[in-house]
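Peer 1: whatever this is, show me its structure:
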Amino acid sequence: MAENLKITQSQGEDINEFARAYSEKLQTLARGLVSGLYMLIRSVKMYDPENAVFQKPLGQLQELINQVISKEGRLELVGVKDSFYLNNMLVKVDLNSIENQRYLLGEMRAKDVGGITLTKPVTMPELKNFIWIFSKEQTEAAEEDGLAGRKLLNIKVARFSKLKEKLNKDDLENPDEQKVDRKKYALTVYARAVFFIKKYLESVREGKPLNTSKAMRLVQDFVDISMDQKTHFLGMTTMKREEDYLVYHQVNVCLTSIVFGMELGLTKPQLRDLGYIALFHDAGMVTIPEDLSTKRGALRPEEKTLIQKAPLMSVRNILMEKGFSRSTLLRVVTTFEHKADFGTAVRDSHGNIQMIIPKTNLGVYAKIIAICDTYDALTSNRPFRDAYGPEVALMLMWTEMRHKFDPELLQVFMRVMAIQPVKILSKRQQNLSLGGV
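Peer 2: Modelled structure (predicted):
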C-alpha cells in the first residue's frame with residue numbers, strides 16, 4: 001500500500017516562477033527523473049508492473065526522487081505546456097530527448113495526471129502503485145489519491161484538467177505578470193551565457209580552451225525563449241560593458257543571430273546550430289594583444305596581418321575539441337567565412353556604390369553572423385571611438401560597407417531591427433566615413 005504518495009493539485013501561483021536560480025545539480029536530477037518516468041511508463045504498456053524488468057528502473061527512480069527530497073525538502077514535478085518544471089525550475093532536456101518528453105506528457109495527460117508532489121521519501125511499493133495508473137489494463141483516469149485498491153496516501157498527483165483550467169485563468173487574468181516572469185528568466189539565461197563565455201575566453205587565453213558542448217543548452221534556452229520573447233532579447237543586447245567588450249559581443253551576436261534567423265524562417269535545430277556557432281565566432285580575438293585590438297588610428301600592415309589571423313585562432317580552438325563531425329565542419333567553415341566580404345563594390349565617379357558583384361557562395365550562417373557581428377561592433381563603445389546609434393550603424397552598413405553583406409539579408413535585418421535607416425540621414429550625411437570597427 002502506498003503511504004507517502006498522493007495526487008494533488010499544483011500550487012498555481014508557483015508555476016510561473018521561471019526565474020528560479022539555476023542549479024546544475026538539480027537539473028541533472030530532474031533530467032534523470034523525467035527520463036526514468038518515461039522508461040517506466042513506456043514499459044508498463046508492454047509488461048505487468050510486477051515483472052522483474054521493473055526492479056532496477058524503479059530502484060533508480062526511487063533514488064533520484066529521494067535525493068531531490070533530501071536536497072529540496074520536497075518534490076513537485078509539473079507538466080506545463082510542452083515542458084516539465086521541477087520545484088518551479090524549468091527542466092532543460094537535450095534535443096534527442098524532446099520526443100521522449102512529449103510522449104511522457106501525452107501519456108500523463110491521457111490519464112488526467114498533471115504532475116506529482118512528494119514530501120517524504122518514496123518506497124518501491126508506492127512507486128509501483130503510481131506506475132499502475134499507466135498500465136495497459138487501466139482504462140480509467142486515476143483519482144487524486146490514486147487507483148481503487150492502490151491508493152496513494154502522502155504523495156499527491158495534480159489533476160491535469162484542473163491544472164490546465166488554472167493556467168488558462170492565470171493567462172487571462174495576469175498577462176503582464178507572465179511577461180515579467182519570462183523576462184526575468186530570459187535575463188537569467190543571458191547572465192549564465194555571459195559567465196560561461198567569460199570563463200571560456202580565459203581558457204582560450206591560457207591555451208587550454210574549455211569544451212563548448214555545455215553551452216549548447218544555453219543556446220537551446222535562447223532559441224526557446226526567443227520564440228515568445230523576441231523584444232526582450234533584442235533589448236538585452238544593449239547590456240554592454242566596454243571593459244568586457246568581447247564577452248558581451250559574443251553573447252549579443254548569438255542572440256541577434258537567433259532572432260534574425262527566426263525572421264528568415266530557420267527551424268529550431270537550425271537556429272540552435274546558428275546560435276552555437278555565433279556564440280564563439282570571434283573567440284580568436286582574445287589571443288590578440290589588447291593594445292593592438294584597442295589601438296587608435298590606422299594599423300600597420302603587420303598589425304593588420306595579426307588581426308586577420310584571429311578567425312584562424314577561432315578555428316583552431318574548434319579543432320582542439322574532442323571528436324570531429326559534420327557539425328564541427330560546419331562550425332569551422334562558418335567561423336572562417338563570416339569574416340569574408342560578400343562581394344566587390346562597383347562605384348560611380350562620385351564613389352557611391354552602384355552594384356555588388358558576389359565574390360563567392362558563402363553559407364547562410366556566415367552571412368547572418370557577418371551582419372549581426374558588424375552591427376553589434378558598430379553600436380558598442382570602443383577605446384578608439386564612441387558607439388554609433390542604431391540608425392547610423394545601419395546606414396553605414398547599407399552604404400559604405402554594403403559590399404560586405406548579402407544585400408537581401410541586410411534588408412531583412414533592418415526590418416527586424418524595426419528601423420528604416422535610409423530615411424534617417426541626409427544625402428550629405430550618407431557620405432560620412434567609417435572609423436575602426
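
Peer 1: pull the longest helix from the protein.
Peer 2: Longest helix in the chain, counting residues (DSSP state H): helix 175-205.

Peer 1: now do the buried residues in that helix.
Peer 2: For helix 175-205, burial by neighbour count (16 or more other CB atoms under 10 Å) applies to 181-183, 185-186, 188-190, 192-194, 196-198, 200-201, 203-204. Backbone N, C-alpha and C define where each C-beta goes, glycine included.

Peer 1: show me the domain layout of the chain.
Peer 2: Per automatic domain parsing, the structural domains of the chain span 12-173, 176-431.

Peer 1: I'd like those domains written out as CSV, with mean pLDDT added.
Peer 2: Converted to CSV, the domains of the chain look like this (pLDDT from 0 to 100):
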stretch, mean pLDDT
domain 12-173, 80
domain 176-431, 79
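
Peer 1: quick one: stretch 379-399 to chain centroid distance?
Peer 2: The chain centroid and the centroid of stretch 379-399 are separated by 27 Å under CA atoms, centre = their mean, to the nearest Å.

Peer 1: first-to-last residue distance for it?
Peer 2: In stretch 379-399, first residue to last residue: 16 Å (CA to CA, to the nearest Å).

Peer 1: where do the strands sit along the protein?
Peer 2: Listed in chain order, the strands of the chain (DSSP state E) span 75-80, 83-86, 89-90, 113-118, 146-147, 150-151, 155-159, 343-347, 353-358.

Peer 1: and the longest helix of the chain, what other elements does it pack with?
Peer 2: helix 215-226, helix 230-236, helix 245-263 (3 or more CB pairs under 8 Å, 6 or more residues apart in numbering; DSSP states H and E).

Peer 1: what's the most buried one of those helices?
Peer 2: Comparing those by mean neighbour count (mean count of other CB atoms under 10 Å), helix 245-263 comes out on top with a mean of 24.

Peer 1: can I get that one in CSV, CA atoms only?
Peer 2: The C-alpha trace of helix 245-263 is given here as CSV (Å, rounded to 0.1, in the frame of the first residue of the first chain):
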residue,chain,number,x,y,z
TYR,A,245,33.5,44.1,-24.8
LEU,A,246,34.5,40.7,-26.3
VAL,A,247,32.4,38.7,-23.8
TYR,A,248,29.2,40.7,-24.3
HIS,A,249,29.9,40.9,-28.1
GLN,A,250,29.9,37.1,-28.4
VAL,A,251,26.6,36.7,-26.5
ASN,A,252,24.9,39.6,-28.2
VAL,A,253,25.8,38.3,-31.7
CYS,A,254,24.5,34.9,-30.7
LEU,A,255,21.1,36.4,-29.6
THR,A,256,20.8,38.7,-32.6
SER,A,257,21.6,35.9,-35.0
ILE,A,258,18.9,33.7,-33.4
VAL,A,259,16.3,36.4,-33.7
PHE,A,260,17.4,37.3,-37.2
GLY,A,261,17.4,33.6,-38.3
MET,A,262,13.9,33.1,-36.8
GLU,A,263,12.7,36.0,-39.0
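
Peer 1: now the longest helix of the chain and helix 245-263, what's the angle there?
Peer 2: 130 degrees (axes from the mean of the first three to the mean of the last three CA atoms, to 10 degrees).

Peer 1: tally of neighbours for Phe324?
Peer 2: By the criterion of other CB atoms under 10 Å, Phe324 has 11 neighbours.

Peer 1: any idea how far it is from Asn88?
Peer 2: Phe324 is 40 Å from Asn88, where distance means CB to CB, to the nearest Å.

Peer 1: wait, isn't Tyr388 in contact with Leu396?
Peer 2: Yes: with contact defined as CB atoms under 8 Å, Tyr388 counts as touching Leu396 (7.0 Å).

Peer 1: got any residues that touch both of these two?
Peer 2: Leu378 (CB atoms under 8 Å, 6 or more residues apart in numbering).

Peer 1: number of nearby residues for Gly207?
Peer 2: Going by other CB under 10 Å, the residues that sit close to Gly207 add up to 9.

Peer 1: equivalent analysis for Glu24, please.
Peer 2: Glu24: 9 surrounding residues under other CB under 10 Å.

Peer 1: repeat for the one 10 residues further on
Peer 2: For Val34, the count of nearby residues is 23 (other CB under 10 Å).

Peer 1: contacting residues around it?
Peer 2: With contact taken as CB under 8 Å, 6+ apart, Val34 is in contact with Leu77, Phe84, Val91, Val93, Ser97, Asn100, Gln101, Leu104.

Peer 1: which of the residues you listed sits closest to Leu378?
Peer 2: The closest of the contacts of Val34 to Leu378 turns out to be Val93 (CB to CB; 37.5 Å).

Peer 1: ok, the closest one touching Gln101?
Peer 2: Yes: between Val93 and Gln101 there is a contact under CB under 8 Å: 5.5 Å.

Peer 1: for the residue lying closest to Leu127 once chain neighbours are set aside, give me its contacts.
Peer 2: Leaving out its chain neighbours, the residue that sits closest to Leu127 by CB to CB, 6 or more residues apart in numbering is Leu58, at 5.4 Å. By CB under 8 Å, 6+ apart, the contact list for Leu58 reads Leu40, Met124, Leu127, Lys128, Ile131.

Peer 1: gap between the third one and Glu140?
Peer 2: Right, Leu127. As judged by CB to CB, Leu127 and Glu140 stand 20 Å apart.

Peer 1: which of these two has more neighbours?
Peer 2: Leu127 (25 against 10).

Peer 1: distance of the more buried one from Arg217?
Peer 2: Leu127 is 28 Å from Arg217, by CB to CB.

Peer 1: again with Phe413
Peer 2: 27 Å.

Peer 1: next: Val315.
Peer 2: As judged by CB to CB, Val315 and Arg217 stand 24 Å apart.

Peer 1: same question, Ile98
Peer 2: 13 Å.

Peer 1: tell me where the stretch 301-437 of the chain has helices.
Peer 2: Secondary structure of the stretch 301-437 of the chain (DSSP state H, counting those that start in this stretch): helices at 301-308, 310-319, 326-337, 364-378, 390-398, 407-416.

Peer 1: now do the second one against helix 326-337: the angle between them, please.
Peer 2: Relative orientation of helix 310-319 versus helix 326-337 (the same axes, to 10 degrees): 170 degrees.
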